[in-house]
Structures are given as structure tokens and as C-alpha cells.
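> Below is the sequence, then the predicted model.
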Amino acid sequence: MSPVQTAVTAVLTQKFEVSPEYIRPDATLESLDLDSLALAELALALQEALGVPVAEEEAARHSTVGELVATLNAKRA
């Protein structure tokens, strides 16, 4: 698991109490029951965890966990 994937999983499980078995690359953030406020909090938490800017649009409801991880991996490269 990449450091970004680990950070995304940690934030989703610890801050948003998402069960780890639901955090799959094809799972949408909406399917994880994250509303618009939670998405804003997710973007901020990931920014703090990874040290890269994360726009709310990058953590959109229709985004999948895999897409989010790929976007954040690219920012860290």
C-alpha cells in the first residue's frame, strides 16, 4: 500500500469511522456516506497528513478512492 493510500485509509477510518472493508479503489466517496461538509473536512485532513494542497473538488462525491489516491500520488511526485 502506498503512503498516500495508507493516509487516505487512515483518515477515512479514524476521522469518518468508515469501516476498512468498504474502502476499495472503486468505492465512491458518496458510497462511503461522505456529504459535502465531510468532503471539505477530508480535503483538509489529507492536506495536513500529506503536506500537499488538496482542493475540495479533488475529493468530490463522484470521485472514487482510487482516483483520489492517484491524484494525490501525482501531486507528491
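Cool, the structure landed. Fair warning: this is a prediction, and the values are worked out from it, not measured in the lab. Numbering: from 1, shown residues only.
> Sort out which residues of the longest helix along the chain are buried, please.
Counting residues, the longest helix found in the chain (DSSP state H) is helix 36-50. In terms of neighbour count (16 or more other CB atoms under 10 Å), helix 36-50 has its buried residues at 38-39, 41-43, 45-47, 49-50. In short, each C-beta sits where N, CA and C put it, glycine included.
> Tell me the one of those nearest residue 56?
Closest approach between those and residue 56, by CB to CB: residue 43, at 4.9 Å.
> distance of the residue located most distally from the centre of the chain from residue 28?
Distance from the C-alpha centroid of the chain, by CA atoms, centre = their mean, peaks at residue 77 (17.4 Å). To residue 28, residue 77 is 24 Å away according to CB to CB, to the nearest Å.
> re the thing from before, ok, which pair from the buried residues of helix 36-50 is furthest apart?
So, the buried residues of helix 36-50 by CB to CB: farthest apart are 38 and 50, at 17.8 Å.
> Just give the closest residue to residue 53, not the sequence neighbours.
The shortest distance from residue 53 to any non-neighbouring residue, by CB to CB, 6 or more residues apart in numbering, is to residue 47 (6.0 Å).
> distance of that neighbour from residue 55?
Counting by CB to CB - residue 47 and residue 55 are separated by 9 Å.
> And for residue 46?
Counting by CB to CB - residue 46 and residue 55 are separated by 11 Å.
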